[in-house]
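> Quick one, fold the following:
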Amino acid sequence: YNQDESSAIIKENTDTSKDTGSKSSKHKEIKEEITLLDTLKVERERGITVKASAASMLYKHPSATNDQGWILLNMVDTPGHADFGVEGVQAQTLSVYDKARALGKQILPALTKIDIPSARPLEVALAVSDLFAFDPDTIMKTSARNRIGVRELLDSVCENIHPPSSLSDDDGTMLRAKVIDSWFEPRRGVVCLVRLLSGILSENDRISIVEPSIDGKGPKVGKDNYSVQELGLVMPDRIRTGKLHIGQMGYVVAGLRDPREARPGSIISLQKTMQTLISNEMELPSSAALTHQSVLYASVHPMEGDGFDEMHAAVNRLALNDTGLEIHQTAGSSNNGGGPFLGPGLRVGFQGLLHVEVFRQRLLDEFDLEAIVTPPKVPYRIRYLESKNYKRPPGAPEEEVIEDLTDWPAQGHRFKVLEPMVDVRILAPMEYAGSIMELTKRKRGIKIQTKPVDEHIWLFTAAMPWADVVTDFHDDLKSTTAGYASFDVSEADPPQQEADLVKVELLLNSEVVDPLAFVCHRDAAQSQARVVCQKLQEVLPRQQFVTVIQAKADGRFIASARIRAYRKDVLTKAGKTVGGGDISRKKKLLQKQKKGKKRQQSTGKVQLSQAAFNSVISRS
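Residues are numbered from 1 along each chain as shown. The predicted structure follows:
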């Protein structure tokens, strides 16, 4: 077959399968079949793509070079970064476009869902042409539901997207297959989606897996080898073919038990030729997927103290189909893991805010497990300075990256803090310009610029601290713009910036609750601490004892609140007043009650809920 692969196609609201309603039972039947590509419940409910879906299809076109006239198209539906419901150009589109350009992909612009009543195809096409310098006449207009422009789009792919080129050292015999995705299935083990870069892969072949060189380090060859049990094409049902040839994309089952053994970007080759592949330094295309690192960290704890083992098993099961999770177990002592309030937990690294939300929802949907997820923290770089009072241990690094706030330098140390920065791009109606500018400045945004996209939409850009974006920027932006804004983030240049930051600790009845701690600018520490204390006062349950909430920064208390205790009427028993008119008897009973509540305050346990941690996320 003539092997053509569709590269990045920039589309607005790409997932046409997520439309609701249909005009006929035939359309409804087709929609249900397409929806099967979104295999997770969270994908179907929220209308987003979490796991990449891929499929190949045979398409008849005059440009085919084989006698049958068929072209094999390999297509991948990649996950989005956020769930936005506004029609038109979205901030996410800019990020996808930049990544495709950076990879050197050819881009075909297309508008989707042009059949809906609110569609503005002409205006959006002009906006796209201005943003990306496309010829407006080349922007295709499509509707999958009504079969508008689909054939024209596929024809354009066949005519404009070149077939995958061969590797520079391809001799026709050396197998190299790039892992696009991998996932776990209970009965089959790990299933890998691969693209053949060179050679032929057949069933019963003995294969090994190698990760290409990253940051100057040599290739990393896996210690195990596997026998290919089954392979074939995904169209979108699996069709077993027994062989895959160069240019084809298909599935491979080889007895792996953990998807992390075949991460996206890894290369599969024959075991018998692996040594030749490495020693001759043959081409191994690298992949950005292998360099992905967690950008957010949060602690995950069970709702019940004895539910850790069940939660740990559930998180490990999720990790089998989500290689972006980075999991570490915490000790659960007072200085690591939540102390007496939360007990043992897991410290989990995430790829972004949406990743955190989807993680929580998948735990609930797939395992019926409610877990407490602490506010996500960003990594900070600490540079230690000379200090007369505190000497660093011999050999201790002058710089370190802190991902857990329990590792924050103690009071008295002299140090500088570098916080991660991101470039934020916001697309919103122009009438909200003033509110967006004010919000951006409040979130310590700098280098703020605006650019009109069309007569209705403006593009706002700024560099902002990643920590301020993580907290409540999304919610504030939606509130400010009545839900009409969308935003996207990317790493800033430079990626870090020095800032005057301070760690704020939260205490309940004089006991530090590490997961509630947060870092903010020193000037805003007191105001944000007061907001958190007030919110905790509202969401924490009332106890039989007084609950004292305090916020502490730089060794001093900067905010506090109290939750009154329940008070039992000890002066009334069986409807009668105890002690009659004897005031000394009444005082004795009240004094006894007071001592009991004081004892409970020192030994009682305050129950923390997810709402308590949400109060730390939103501090404005």
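> tell me the mean pLDDT over stretch 100-110?
Averaged over stretch 100-110, pLDDT sits at 86.
> Pull out the buried positions in that stretch.
Neighbour counts over stretch 100-110 (16 or more other Cβ atoms under 10 Å) mark Ala100, Ile107, Leu108, Pro109, Ala110 as buried. In this view, the C-beta of every residue, glycine as well, is placed from N, C-alpha and C.
> Then stretch 403-421?
Judged by neighbour count using 16+ other Cβ under 10 Å, the buried positions of stretch 403-421 are Glu403, Asp404, Leu405, Thr406, Trp408, Val417, Leu418, Glu419, Pro420, Met421.
> for stretch 259-269, same thing?
Pro259, Glu261, Ala262, Arg263, Pro264, Gly265, Ser266, Ile267, Ile268, Ser269.
> of the buried residues of stretch 100-110, closest to Asn280?
Nearest to Asn280, judged by Cβ to Cβ, of these is Ala100 at 32.2 Å.
> following the host helix or strand of that closest one, which helix or strand shows up next?
Per DSSP states H and E, Ala100 falls inside helix 91-102. Scanning forward in sequence from helix 91-102 by DSSP H and E, the next helix or strand is strand 110-111.
> So what's the gap between that following strand and the chain middle?
In terms of Cα atoms, centre = their mean, to the nearest Å, the centre of strand 110-111 is found 26 Å from the chain centre.
> still on that earlier bit, output the helix holding Ala100 as PDB, nothing but the C-alphas.
Taking Å, rounded to 0.1, in the frame of the first residue of the first chain, the C-alpha atoms of helix 91-102 are listed here in PDB:
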ATOM      1  CA  ALA A  91      -6.200  29.100  23.300                       C
ATOM      2  CA  GLN A  92      -5.400  25.400  23.100                       C
ATOM      3  CA  THR A  93      -5.300  25.700  19.300                       C
ATOM      4  CA  LEU A  94      -2.300  28.000  19.700                       C
ATOM      5  CA  SER A  95      -0.400  25.400  21.700                       C
ATOM      6  CA  VAL A  96      -1.200  22.500  19.300                       C
ATOM      7  CA  TYR A  97      -0.100  24.700  16.400                       C
ATOM      8  CA  ASP A  98       3.200  25.600  18.100                       C
ATOM      9  CA  LYS A  99       4.000  22.000  18.900                       C
ATOM     10  CA  ALA A 100       3.200  20.800  15.400                       C
ATOM     11  CA  ARG A 101       5.500  23.600  13.900                       C
ATOM     12  CA  ALA A 102       8.300  22.700  16.300                       C
END
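> Mind listing what's buried along it?
Buried-residue list, helix 91-102, by 16+ other Cβ under 10 Å: Ala91, Gln92, Thr93, Leu94, Ser95, Val96, Tyr97, Ala100.
> List the buried residues in stretch 472-482.
Within stretch 472-482, the residues that count as buried by 16+ other Cβ under 10 Å are Asp472, Phe473, His474, Asp476, Leu477, Thr480, Thr481.
> Leaving out chain neighbours, which residue sits closest to the second one?
The reference is to Phe473. For Phe473, ignoring the flanking residues on the chain, the nearest one in space by Cβ to Cβ, 6 or more residues apart in numbering is Lys443 at 5.9 Å.
> Enumerate every residue touching the one you found.
Met464, Pro465, Asp468, Val469, Phe473, Asp476 (Cβ atoms under 8 Å, 6 or more residues apart in numbering).
> any idea how far the fourth one is from Glu498?
Spelled out, it's Val469. 18 Å (Cβ to Cβ, to the nearest Å).
> Compare those two (neighbour count), which wins?
More crowded of Val469 and Glu498, by other Cβ atoms under 10 Å: Val469, with 21 against 11.
> I'd say that one and Met421 touch.
No. Using Cβ atoms under 8 Å as the test, Val469 is too far from Met421 to be in contact (9.7 Å).
> what ranges do the strands span in the stretch 501-620 of the chain?
Here the stretch 501-620 of the chain has its strands, by DSSP state E, counting those that start in this stretch, at 501-508, 511-512, 518-521, 547-553, 556-563, 572-573, 576-577.
> any chance of those in CSV, plus mean neighbour count, distance to Ile436 and mean pLDDT?
Output for those, formatted as CSV (neighbours: other Cβ atoms under 10 Å; distance: least, Cβ to Cβ, whole Å; pLDDT from 0 to 100):
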stretch, mean neighbour count, distance to Ile436, mean pLDDT
strand 501-508, 20, 25, 92
strand 511-512, 16, 37, 88
strand 518-521, 21, 20, 91
strand 547-553, 20, 30, 92
strand 556-563, 15, 29, 93
strand 572-573, 10, 59, 65
strand 576-577, 10, 63, 60
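> so which of these gets nearest Gly199?
It's strand 518-521; of the strands of the stretch 501-620 of the chain, that one is closest to Gly199 (Cβ to Cβ) at 51.1 Å.
> Kindly format the C-alpha coordinates of the closest one as PDB.
C-alpha atoms of strand 518-521 as PDB (Å, rounded to 0.1, in the frame of the first residue of the first chain):
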ATOM      1  CA  PHE A 518       1.300  26.900  50.800                       C
ATOM      2  CA  VAL A 519       3.800  29.300  49.300                       C
ATOM      3  CA  CYS A 520       3.000  32.800  48.300                       C
ATOM      4  CA  HIS A 521       4.500  36.200  47.800                       C
END
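> by contact count, what packs against it?
Counting contacts by 3 or more Cβ pairs under 8 Å, 6 or more residues apart in numbering; DSSP states H and E, strand 518-521 is packed against strand 501-508, helix 525-539.
> mind running it again at 6 Å?
In terms of contacts (3 or more Cβ pairs under 6 Å, 6 or more residues apart in numbering; DSSP states H and E), strand 518-521 is packed against strand 501-508.
> on that earlier part again, and the furthest pair within the buried residues of helix 91-102?
Ala91 and Ala100 (15.5 Å).
> Now do stretch 236-249: distance to the chain's middle.
That offset, for stretch 236-249, works out to 31 Å (Cα atoms, centre = their mean).
> Now do it: everything it contacts.
With Cβ atoms under 6 Å, 6 or more residues apart in numbering as the test, stretch 236-249 has contacts from 3, 55-56, 74, 164, 195-196, 198, 200-203, 231-233, 250-251.
> Pull out the buried positions in it.
Those would be Pro236, Leu244, Ile246, Gly247, Gln248, Met249, for stretch 236-249 by 16+ other Cβ under 10 Å.
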